[in-house]
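In: No letters, just coordinates:
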């Protein structure tokens, strides 16, 4: 079995794959101060609840946009799983040309998403990933990573509104019943939710215009389901797109060793 880590600024999503089948998955908070042993305790508890043992893991694959946490996770892989983790980055085969001014600037999660989406749905594509930041990635019909856009995530936007406006409270991000609200909390929820829908649909529409006909729009990330409810541009929601991409890249880098 393969243990995969998708390390984001807010959360780490972990998954265990048996071949191409995702058998278990969890979401924990990203904490750069956690030690190797503390990470091991968290994962051991998750494994115990699911009836898994560390000995069942034969390989570890990591995608991360949080560089300080990488040495810890790589040490965790060696100490507790007895393997050298495969980390998405320079030198790792993805099978996807990156048409970008500086390919090293592209976040690992964006490349992993692109690999998974193109393998599963073909191209051209727009991928929207709702995380700490919301990223928009464009993939050509030939499977080239063309670039994209980055905007503040809906959580960041909501927190900024609370912090900078003295009379406004923290609110839950939900889909309002109507745009015209009758109280302050509902008004904030309406502005944030429908305003963010406008941001997403506006950027996606412009990307589709640049890419041409036949574009499929894939959404992933923690709030993909919520946003897609009112979006007019999102075609497919795949919450495990990044994890799927990690397994595909793992296979592309180990098949010559007879491990895939």
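Out: Now that the structure is in, tell me what you want to look at. None of the values given here were measured: they were computed from a predicted structure.
In: List the residues that contact residue 162.
Out: The neighbours of residue 162, taking C-beta atoms under 8 Å, 6 or more residues apart in numbering as the test, are 168-171. Heads up, the C-betas are built off the backbone N, CA and C, glycines and all.
In: before we move on, what about residue 141?
Out: 122-124, 214.
In: can you rerun that using 6 Å?
Out: By C-beta atoms under 6 Å, 6 or more residues apart in numbering, the contact set of residue 141 is 123-124.
In: Please apply the same query to residue 229.
Out: residue 175.
In: Quickly note the distance from it to residue 161.
Out: Residue 229 is 21 Å from residue 161, where distance means C-beta to C-beta, to the nearest Å.
In: same deal with residue 63?
Out: With C-beta to C-beta as the criterion, residue 63 and residue 161 are 31 Å apart.
In: does the residue nearest to residue 20 when sequence neighbours are not counted sit in a helix or strand, and which one?
Out: Spatial nearest neighbour of residue 20, excluding adjacent residues (C-beta to C-beta, 6 or more residues apart in numbering): residue 247 at 6.3 Å. Following DSSP states H and E, one finds residue 247 within helix 241-254.
In: Going by contacts, tell me the helices and strands next to that helix.
Out: Packing partners of helix 241-254 (3 or more C-beta pairs under 6 Å, 6 or more residues apart in numbering; DSSP states H and E): strand 2-7, strand 59-64, helix 108-121.
In: Can you tell me what sits against it?
Out: Helix 241-254 has contacts (C-beta under 6 Å, 6+ apart) with 4, 6, 15, 17, 61, 63, 92-95, 109, 112-113, 115-116, 119, 220, 260.
In: The stretch 1-150 of the chain: helices as residue ranges?
Out: 36-50, 70-81, 108-121 (DSSP state H, counting those that start in this stretch).
In: Dump those to JSON lines, plus mean pLDDT.
Out: As requested, those are exported to JSON lines (pLDDT from 0 to 100):
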{"stretch": "helix 36-50", "mean pLDDT": "96"}
{"stretch": "helix 70-81", "mean pLDDT": "96"}
{"stretch": "helix 108-121", "mean pLDDT": "95"}
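In: Just name the most buried of these.
Out: helix 108-121 (a mean of 23; mean count of other C-beta atoms under 10 Å).
In: Give the residue farthest from the middle of the chain.
Out: Computed with C-alpha atoms, centre = their mean, the maximum C-alpha offset from the centroid of the chain is found at residue 182, amounting to 35.1 Å.
In: element containing it, please.
Out: Applying DSSP H and E, one finds residue 182 in no helix or strand.
In: follow-up on the earlier one: and the helices and strands packed on helix 241-254 as JSON lines, adding distance to residue 243?
Out: As requested, the helices and strands packed on helix 241-254 are exported to JSON lines (distance: least, C-beta to C-beta, whole Å):
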{"stretch": "strand 2-7", "distance to residue 243": "5"}
{"stretch": "strand 59-64", "distance to residue 243": "9"}
{"stretch": "helix 108-121", "distance to residue 243": "8"}
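In: Next secondary structure after the worst-scoring helix or strand of the chain on mean pLDDT?
Out: Sorting the helices and strands of the chain by mean pLDDT, DSSP states H and E puts helix 154-164 at the bottom, at a mean of 83. The helix or strand immediately downstream of helix 154-164 is helix 184-211, counting by DSSP H and E.
In: Tell me where the model's unsure across the chain.
Out: Along the chain, the model assigns pLDDT under 70 to residues 256-260.
In: Would you mind splitting it into its domains for me?
Out: Taking automatic domain parsing as the reference, the chain has its domains at 2-87, 103-244.
In: Determine which of those domains approaches residue 255 most closely.
Out: Among those, domain 2-87 comes nearest to residue 255, with 12.5 Å by C-beta to C-beta.
In: any idea how far that closest one is from the chain center?
Out: 15 Å (C-alpha atoms, centre = their mean, to the nearest Å).
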